[in-house]
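Undergrad: any chance you could fold what I've pasted below:
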Amino acid sequence: MTDEDKRSGPDQQAVFLAAGLADLAVSTAGSALGTLRSLLRRSDAGELVAEAEHDLIARGRLAWDRYATAPEPYLEVLARRALTRQDADVR
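TA: Next up is the predicted model:
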């Protein structure tokens, strides 16, 4: 952080942050548009679209599995292990 950044208020910093994010979004969109144009010129564009769709579906499933299902409570796992050990010791 520069001395000038320290002197600017939170409002000005928020404006600079928003401007930086907008600039990043525009440059990313421009790059993506160029890539899209080059893909549309290809003869195997249909195959690429189908492959991209397949990849996105697989990625969506992974994200769903990661965030939608809650992990098993740790204490319950420990309790089950303890019960299993007790059963094994009794036998």
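Undergrad: could you give the average pLDDT over the helix or strand hosting residue 81?
TA: Counting by DSSP states H and E, the element that carries residue 81 is helix 74-90. Within the predicted structure, the mean pLDDT of helix 74-90 is 91.
Undergrad: buried ones in it?
TA: For helix 74-90, the neighbour count (16 or more other Cβ atoms under 10 Å) marks no residue as buried. Any C-beta I mention is one placed from the backbone N, CA and C, and that applies to glycine too.
Undergrad: what about the spatially most central residue of the chain, distance to residue 69?
TA: The structure's the chain has its C-alpha centroid closest to residue 63; by Cα atoms, centre = their mean the separation is 7.9 Å. Relative to residue 69, residue 63 is positioned 11 Å away (Cβ to Cβ, to the nearest Å).
Undergrad: kindly report the same for residue 36.
TA: Residue 36 sits 34 Å away from residue 69 when distances are taken as Cβ to Cβ.
Undergrad: same deal with residue 88?
TA: Residue 88 sits 30 Å away from residue 69, going by Cβ to Cβ.
Undergrad: what does residue 31 give?
TA: 35 Å.
Undergrad: same question, residue 21
TA: Distance, residue 21 to residue 69, by Cβ to Cβ: 32 Å.
Undergrad: likewise for residue 23?
TA: The span separating residue 23 from residue 69 equals 38 Å under the rule Cβ to Cβ.
Undergrad: buried stuff in stretch 52-68?
TA: Buried residues in stretch 52-68, counting neighbours by 16+ other Cβ under 10 Å, are absent.
Undergrad: related to what we said a few turns ago, who are the contact partners of the residue nearest to the centre of the chain?
TA: Shown in contact with residue 63 (Cβ atoms under 8 Å, 6 or more residues apart in numbering): no residues.
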